[in-house]
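Participant: for reference, the sequence and a predicted model appear below.
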Amino acid sequence: MKLRKLKSAEDIIKLTEEIGFLPFFANGIEGFSVEENCPGELWFSGEVDGPWEWKGPIARDGRCVYGKFFAGKAGFVSREWFPVLANYRRSGYDFDARWDDGLASKKDKDVYDLICKNGVIISKEIKRALNYRKNGNTGFETVITRLQMQTYVNTADFVYMRDKNGSAYGWGVAEYTTPEKMFGADLITKEYSRDPVESREIIKKHLEKTLGHPEEKLLLKLIK
């Protein structure tokens with residue numbers, strides 16, 4: 001498929017609202033990503049902001065949800081479609097119910113509980129609090145990716161470290177929250193009365209129509 005060129009954060013928000021789902025990176029479905037539709041000169045130019053810098057403002061805006069939602073990789077889901085995705089991915093379980101049924105690891109619970117306790121917390125603080133360091137806990141990226149893929153956690157913003165002059169430097173540090181904290185439980189759980197398999201089929205049919213019927217295995221890889 002061929003999407004329109006994305007030249008601003010607002011362009012990405014509007015396209016995500018229009019089609020519901022927008023992966024950040026190329027994924028096998030031609031043209032279905034921010035990466036393939038932003039001009040090359042906007043990537044890491046050092047002079048103007050581009051898609052890498054827009055992620056934080058888009059996440060803060062509230063019209064889209066940002067996180068690792070597409071086969072373990074990042075992307076955007078519209079506020080309208082996120083409850084449908086959450087119902088499918090959670091399979092009828094709030095996180096506490098998943099833990100009670102033995103379907104979540106202790107590491108997952110520790111990270112999730114810490115995020116809930118703080119409301120919003122950067123990854124560095126999570127790692128520090130839970131001893132993710134040399135000779136300590138391992139696998140933080142696996143845990144935080146799994147919680148995002150299950151839609152229990154999303155990225156709220158990116159925080160940049162600052163030098164003594166107050167200038168930002170380096171890569172932005174992810175700041176995590178829960179969709180319930182960001183949007184309210186009523187919105188996130190409003191599809192819970194629907195069978196999760198039905199939610200998957202609704203997403204699948206919507207994207208098939210929107211994307212011009214891409215190869216089924218590629219589409220299922222993104223939404224499963």
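Facilitator: Done, it's in. All values derive from a computational prediction rather than experimental measurement.

Participant: can we go C-alpha only for contacts and neighbour counts from here?
Facilitator: Fine.

Participant: the helix or strand of the chain with the lowest mean pLDDT: which residues count as buried?
Facilitator: Confidence across the helices and strands of the chain bottoms out at strand 168-177, with a mean of 83, counting by mean pLDDT, DSSP states H and E. By 16 or more other Cα atoms under 10 Å, the buried positions in strand 168-177 come out as 172, 174-177.

Participant: how about stretch 42-49?
Facilitator: L42.

Participant: circling back: contact partners of the least confident helix or strand of the chain?
Facilitator: 115-116, 119-124, 153-163 (Cα atoms under 8 Å, 6 or more residues apart in numbering).

Participant: keep only those of these that are in strands.
Facilitator: Among the contacts of strand 168-177, the ones falling in strands (DSSP state E) are 121-122, 154-162.

Participant: beta partners of the residue sitting nearest the centre point of the chain?
Facilitator: Centrality entry for the chain: nearest residue to the mean C-alpha point is G67, 1.3 Å, by Cα atoms, centre = their mean. Going by DSSP bridges, G67 is paired in beta bridges with G75.

Participant: residues contacting it?
Facilitator: By Cα under 8 Å, 6+ apart, the residues touching G67 are 73-76, 148, 153-155.

Participant: next structured bit after the longest helix seen in the chain?
Facilitator: In the chain, taking DSSP state H as the definition, the longest helix is helix 196-211. Using DSSP states H and E, the helix or strand that follows helix 196-211 in sequence is helix 216-223.

Participant: so how far is that following helix from its chain's centroid?
Facilitator: 17 Å (Cα atoms, centre = their mean, to the nearest Å).

Participant: so how far is L85 from T177?
Facilitator: From T177 across to L85, the span is 17 Å (Cα to Cα, to the nearest Å).

Participant: buried stuff in stretch 63-78?
Facilitator: Under 16+ other Cα under 10 Å, the buried positions of stretch 63-78 are 63-70, 73-78.

Participant: what comes up buried for the longest helix of the chain?
Facilitator: Neighbour-count burial for helix 196-211, counted by 16+ other Cα under 10 Å, picks out 196, 199-200, 203-204, 207, 211.

Participant: any chance of these in TSV, plus pLDDT and distance to W52?
Facilitator: Converted to TSV, those look like this (pLDDT from 0 to 100; distance: Cα to Cα, whole Å):
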residue	pLDDT	distance to W52
P196	97	33
S199	98	31
R200	97	29
I203	98	27
K204	97	28
L207	97	25
L211	93	24
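
Participant: residue ranges with poor pLDDT in the protein?
Facilitator: Applying pLDDT under 70 to the chain flags residues 1-3, 45-46, 166-170.

Participant: may I see the buried residues of stretch 63-78 organised as CSV, with distance to T142 added?
Facilitator: Output for those, formatted as CSV (distance: Cα to Cα, whole Å):
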residue, distance to T142
R63, 27
C64, 23
V65, 20
Y66, 17
G67, 14
K68, 11
F69, 13
F70, 14
K73, 12
A74, 14
G75, 17
F76, 20
V77, 21
S78, 24
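
Participant: quick check: the farthest pair among these?
Facilitator: Across the buried residues of stretch 63-78, no pair lies farther apart than R63 and K73, at 19.7 Å, counting by Cα to Cα.

Participant: residue contacts, R79?
Facilitator: 17, 62-65.
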